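Colleague: What follows is a predicted protein model with its sequence.
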Amino acid sequence: MNQFDYVRPASVAEAVKAASTPGAAYLAAGTNLLDLMKGGIVQPSRLVDVTRLPGLDRIERLADGSLRIGALVRNADLAHDEKFAKHYPAVAEALLSGASAQLRNAATVGGNLLQRTRCAYFYDTASACNKRSPGSGCDAAGGDNRLHAILGWSEGCIATHPSDFCVPLAAFDAVVEIEGRNGRREIALDALHRLPGTTPERESVLEPGELLVAVRLPASAKSFAAHARYMKVRERNSYAFAVVSAAAGLVIEGGVIKEARLALGGVAPKPWRARSAEAQLAGSAASDAAFRRAAQAALVDAKPSGNNAFKIELAQRVIVRALTLAAQGTPERVPALPASPFSSAIGALNV
Amino acid sequence: MNLSLRLTVNGERREMTLDDPRVTLLDLLRERLQLTGTKKGCDRGQCGACTVLVDGRRINSCLTLAASHDGADILTIEGVAQGEHLHPLQAAFIAHDGFQCGFCTPGQIMSAIGLIAEAQAGDDPERIREAMSGNLCRCGAYAGITEAVLEAQKILKDTKTERAA
């Protein structure tokens, strides 16, 4: 790990000032950043430890029916907040399908949104990577790329965004609050992450020094609570990133879908909202045929970026499964194996 | 750059000066406080061997800076037994063959103590396995580990009920 200055500001304003100098990075739990620093992938000259900043660790219900989640709320605390899990079950399921219990106890909401890709070539400093070292090329193209992007990628970068949490957040129109040198601004979560284009090193729209202070879920997000699921296919059934995942939310009246929300994970450089599929679902019967049509619509622009054409078919199947399970109704409690497509071995002591 | 740090480690108050902010909580415990029960496996948050409780919550001590935890209460494997009396989880790991080589065991036990405190898994073996997925065991003692966690949880619950009665 490189040498760095460690500073612990007492207020958001102090933090923004301290992080505005070139080479500075914010440190929250550090579950991703310290891993990257140990590998020499990022080398910040100053760490601005925000974990003690007051007021950012609260979950607040606002008067307009929205929910404000402070950036320092720990993933586990949010997922296990009973009211939260009841009102936003697909978000809780996504959180619990990610990482391990230890990591969820540490990792923060803000850190989850701003975590870096897990592309192996980004992590391997001996490989060419336009994201890590702009202009050096992309060894993932032509390399082991079966897990890489099928949507939104560019010639310069085919990495995916690894977050589970962001997928339902994108589906349910979450908004992020950002504090910077020029005060506070807010943007849709869907607009937080950038597509790589020719500048894959720029992953978000945050300017130097800007600090993500909260995520808000609008009142409308609650209306999907009765029919909301997160479905995630991974290479092992726990403690693994998504190969493909989908967050689905439905409002169903008399067998007819009034409103639908759908977003995909593991397929693109950002959480991928499938708006055309949502439009197709609205007004149709909650049927297998409708789910299949929606799945096709969601992947219509998909293109393999390497040996990963299978992800286009897999994503459609995951969408159909997520919509089918959502239509059946949100389970009383997040399942024992969150977001898993595999049935639980109920009662088995050892498997 | 010197940083002063106050920690309570296994019930004992410690004050120290860190000469380097890069020291992880794991390295502080092992290299500076000579508490080598907490193991360094991958050092990248993938194996769980370094699991300790910080303010009652289980985390990976390899992926956090010691400097971030000024004022925290740390519990490591060295602090769980009461004198000669093993913690119920330690006893259950022995009774159920919850290990072979033992390298992952301190992390497994600290993780299981955290799991029981979280009170999310209940007595569902599937939920316990899922909640223990952050602790890898190269010897594959998972079957015994699940049994040990179930039994220790029951003992701890019964003890609590007896005390309350």
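Modeller: That came through fine.

Colleague: Name the nearest residue to residue 128, ignoring sequence neighbours.
Modeller: Went with chain A since none was named. Leaving out its chain neighbours, the residue that sits closest to A:Ala128 by Cβ to Cβ, 6 or more residues apart in numbering or on different chains is A:Gly137, at 3.7 Å. Every C-beta, even on glycine, is put in place using the N, C-alpha and C of the backbone.

Colleague: That was the other one, I meant chain B.
Modeller: Counting by Cβ to Cβ, 6+ apart, B:Ile128 lies nearest to B:Ala121, which is 4.8 Å off, once chain neighbours are set aside.

Colleague: neighbours around the one you found, how many?
Modeller: 22 (other Cβ atoms under 10 Å in any protein chain shown).

Colleague: and what of A:Gln3?
Modeller: Using other Cβ under 10 Å, the number of residues around A:Gln3 comes to 10.

Colleague: May I have the phi/psi pair for it?
Modeller: Main-chain dihedrals, A:Gln3, degrees, to the nearest 10: phi -70, psi 150.

Colleague: State the distance from the spatially most central residue of chain A to chain B.
Modeller: What sits nearest the mean C-alpha location of chain A, by Cα atoms, centre = their mean, is A:Cys166, with 2.6 Å. Distance of A:Cys166 to chain B, given as Cβ to the nearest Cβ, to the nearest Å: 20 Å.

Colleague: Tell me who's in contact with that residue.
Modeller: By Cβ atoms under 8 Å, 6 or more residues apart in numbering or on different chains, the residues touching A:Cys166 are A:112-113, A:189, A:193, A:265, A:270-271.

Colleague: how about B:Ala143, secondary structure?
Modeller: Following DSSP: H, G, I helix; E, B strand; the rest coil, we place B:Ala143 in the helix state.

Colleague: so the residue nearest to B:Ile128 makes contact with B:Gly114?
Modeller: No - using Cβ atoms under 8 Å, B:Ala121 is not in contact with B:Gly114; the gap is 11.0 Å.

Colleague: Up against chain B, what does chain A have?
Modeller: Counting by Cβ under 8 Å from any Cβ of the partner chain, the positions of chain A adjacent to chain B are A:1, A:3-6, A:8, A:27, A:29-31, A:34-35, A:38-39, A:47, A:49, A:51, A:76, A:80, A:99-103, A:105-106, A:238-239, A:336-338, A:344-351.

Colleague: Could you pick out the buried ones from those?
Modeller: Among these, those scoring as buried are A:1, A:4, A:6, A:8, A:27, A:29-31, A:34-35, A:38, A:47, A:49, A:51, A:76, A:80, A:99-103, A:105-106, A:238-239, A:336-338 (criterion: 16 or more other Cβ atoms under 10 Å in any protein chain shown).

Colleague: residue nearest the centroid of chain B?
Modeller: Residue closest to chain B centre, computed by Cα atoms, centre = their mean, is B:Met110 at 2.1 Å.

Colleague: can you confirm it is in a helix?
Modeller: Yes - counting by three-state DSSP, B:Met110 is part of a helix.

Colleague: From what I see, it and B:Val52 are in contact.
Modeller: Yes - if you go by Cβ under 8 Å, B:Met110 and B:Val52 touch, sitting 5.6 Å apart.

Colleague: and for these two, which residues touch both?
Modeller: Contact criterion Cβ under 8 Å, 6+ apart; residues bridging B:Met110 and B:Val52 by contacting each: B:38, B:58, B:75-76.

Colleague: of those, closest to chain A?
Modeller: Nearest to chain A among these is B:Arg58, at 5.2 Å by Cβ to the nearest Cβ.

Colleague: residues touching that closest one, list them.
Modeller: By Cβ under 8 Å, 6+ apart, the neighbours of B:Arg58 are A:101-102, A:105, B:51-52, B:110-111, B:113-115.

Colleague: Now go through those and say which are in helices.
Modeller: Secondary structure from DSSP state H places A:101-102, A:105, B:110-111, B:113-115 of the contacts of B:Arg58 in helices.

Colleague: quick revisit: could you list which of the contacts of A:Cys166 belong to strands?
Modeller: Among these, the members found in strands (DSSP state E) are A:Gly265.
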